[in-house]
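Participant: Predicted structure and sequence below. I'll ask about it afterward.
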Amino acid sequence: MEAALTGPPEWLERIVLAAIPPQAREGVAGDLWETYQNPWQYAVEAFDTVPFLVWSQMRRNLNLPALMLQGALIFICLGGPVTLLLMPLLLLRDAYQPVTRPCPRHAIRQAILLSAGAMVLLFAIMSARSTFSVRAGVDSFTWLSLFLAALFLSPFLCLFRAGLIMRGDRAPQLGLRDLSKDALAQAYENFQQRVFCRNLLEGMALVFAAASGFFLDWNTLLVASFILTALCLMLESVPRLSRACDFTALRSRYQRDLARQEQLRRFLRWLWFAPVLLALHARLAGDGLVGSGLTQGRPVSALLDCVAAAILCFLVAALNRENGGQVREQIGALDRMREAGTPDLG
């Protein structure tokens, strides 16, 4: 009884909490606390439970189209071995998606760390010997200029993250109060109307981009992906509202559509940036910089292209994290919502 009252050591509990996916953390952590007998039993039980939870969250949060697109981009740009290494990490990242929007302090810290990492990379290249292949033919003043230019990355990325945070704070919130069935149905219908307009406009934009890409000699698979995605958007625009269902069924349908639209948006954000990433890769390949370690081309141009690709990936990932967290907050708020005028039996 005394062991159960004291609970596990704080350091061990922190490790276990960090290993549990956020969406299952509260309930599982409570169950592990209730069954606590000693640190060894607590660690063994957590070791048996956490892999199952991670696998379950990986399946639940799997976004197959986005994962396939990311895998194709990684394969084209970095090759097969890197793809095999990064794909499991992408699945783990999806399993550990936060329940809410990212903390503003944590988001700004990530932006600073990314820009600081770029500056450290430039400084390491500058400090290399003159026989280093990347430095060959480039004077020290040019490298110093690049290093100073990297200092502007931090304010730019921080401003971008701050803009996303402010936009999320101003976005309309759902589930802040109990609603009647008719009010929930009206909110759901308004959501579907917004989805219809957005998907229709974005589908038309995808068709136009695919036609432009055909004349600009884009990759055939990329053009086909744009066309197929446009058709899927048209199908997603078909309304599915039914006022005949009860409050609980209507709320569940609203939650499913929110989650499905967010999955679609995650894929679309990567799809829109895919031509730019492929164009940067084509420039590197055209300059003889891919597969030769930057030994045959222009090192400064290649380095700037790599930095541009990293920034683009950061921007897409930041958009997905902020908007995904906002949607998960809305889904959680809807889950706590009760029909107005009915007693709360929970």
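Facilitator: Alright, I've got the coordinates.
Participant: who's in contact with the strand or helix carrying residue 69?
Facilitator: Counting by DSSP states H and E, the element that carries residue 69 is helix 64-78. Outside helix 64-78, the residues that touch it by CB atoms under 8 Å, 6 or more residues apart in numbering are 82-83, 86-87, 90-91, 94, 221, 225, 263, 266-267, 270-271, 274, 277-278, 281, 309. C-betas here are computed from N, CA, C, even on glycine.
Participant: For residue 122, give me the pLDDT.
Facilitator: pLDDT recorded at residue 122 is 55.
Participant: Tell me where the model's unsure across this structure.
Facilitator: Along the chain, the model assigns pLDDT under 70 to residues 1-5, 102, 104, 107, 114-154, 157, 168-177, 237-244, 284-305, 341-346.
Participant: Can you name the secondary structure element that comes next after the helix holding residue 69?
Facilitator: Counting by DSSP H and E, the next helix or strand C-terminal to helix 64-78 is helix 80-95.
Participant: Need the contact partners of that following helix.
Facilitator: By CB under 8 Å, 6+ apart, the residues outside helix 80-95 that reach it are 21, 54-55, 57-58, 61-63, 67, 70-71, 74-75, 78.
Participant: any chance of those in CSV, plus distance to residue 38 and neighbour count?
Facilitator: Below are these laid out as CSV (distance: CB to CB, whole Å; neighbours: other CB atoms under 10 Å):
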residue, distance to residue 38, neighbour count
21, 25, 23
54, 25, 18
55, 27, 13
57, 28, 21
58, 31, 18
61, 34, 18
62, 37, 13
63, 40, 19
67, 41, 17
70, 43, 21
71, 44, 15
74, 44, 19
75, 48, 16
78, 46, 14
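Participant: from those residues, which is closest to residue 30?
Facilitator: Using CB to CB, residue 21 comes nearest to residue 30 of the contacts of helix 80-95, at 14.9 Å.
Participant: quick one: contacts for that closest one?
Facilitator: 53, 54, 57, 95, 96, 97.
Participant: Kindly recompute the last result at 7 Å.
Facilitator: 53, 54, 57, 95, 96 (CB atoms under 7 Å, 6 or more residues apart in numbering).
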